[in-house]
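Peer 1: Have a look; sequence and predicted model below, questions after that.
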Amino acid sequence: MRRLLFALPIIALLALAPSAFAGGWATVGLSSTPAGTEPGKPWDVNMTILQHGRTPLDDLSPTITIRNGDATKTFNATPTGAPGEYRASVVFPSAGKWNYEVNDGFITGQPHTYPPVQIGAPASAPAAAPTSADDGGPAVGWLAIAGIALLLAAGGLLVWDRSRRSHHQPQAA
């Protein structure tokens, strides 16, 4: 019974550690950046939203939000008909440096941020990669928790094995 009580926390940690990585996250790929877009003209962009970077996600309501100082505008994206693909038409109302982000409409609602872009300037930047902490992978905190759980489990198994061996050794006569 004592061994079972010792092993229960380790079993619980091992059972819960994989579920920490089963959460929902998505990646967003953009067909272009707004670099080179003129103020008042539409930036028509397709975005591909993939669960865990692999599976196209349908039935979402993604948005693109643009910011310049106090000015903020949000544009809805609509499905294109292709799996996981949505299209938005974004209009920057004035020239200047604008920040933009995509809310994928998936479980976490974590925005995907991109480098600021100069509107009204010639296009000079290639397609930008997300710069947010959400790179599509598990958060470092979850990796640390899983590592600690594995270390505890390994230590518990080592203690359990030593205890088992010491109880099963033949007694000297």
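Peer 2: Here it is on my side, so go on.
Peer 1: Who does the strand ranked longest in the chain pair with, and is each partner parallel or antiparallel?
Peer 2: Longest strand of the chain, by residue count under DSSP state E: strand 42-51. When pairing is defined by DSSP bridges, strand 42-51 lines up against strand 26-30 (antiparallel), strand 55-56 (antiparallel), strand 85-91 (antiparallel).
Peer 1: Can you give me the domain boundaries for this protein?
Peer 2: The chain is divided into the following domains under automatic domain parsing: 2-21+139-168, 26-119.
Peer 1: Surely Phe106 is in contact with Gln51?
Peer 2: Yes: between Phe106 and Gln51 there is a contact at 7.1 Å, judged by Cβ atoms under 8 Å. (Each C-beta comes from the backbone N, C-alpha and C, glycine too.)
Peer 1: Now do the shared contacts for the two.
Peer 2: Counting by Cβ atoms under 8 Å, 6 or more residues apart in numbering, the contacts common to Phe106 and Gln51 are 24-26, 57.
Peer 1: Verify the contact between Leu60 and Ile49 for me.
Peer 2: Yes: with contact defined as Cβ under 8 Å, Leu60 reaches Ile49; the gap is 6.2 Å.
Peer 1: Now the common contact residues for these two.
Peer 2: By Cβ under 8 Å, 6+ apart, the residues touching both Leu60 and Ile49 are 86, 104-106.
Peer 1: rewinding a little: export the shared contacts of Phe106 and Gln51 as TSV, with columns for neighbour count.
Peer 2: TSV is the format used below for the shared contacts of Phe106 and Gln51 (neighbours: other Cβ atoms under 10 Å):
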residue	neighbour count
Gly24	11
Trp25	20
Ala26	25
Leu57	23
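Peer 1: With that, I have no additional questions.
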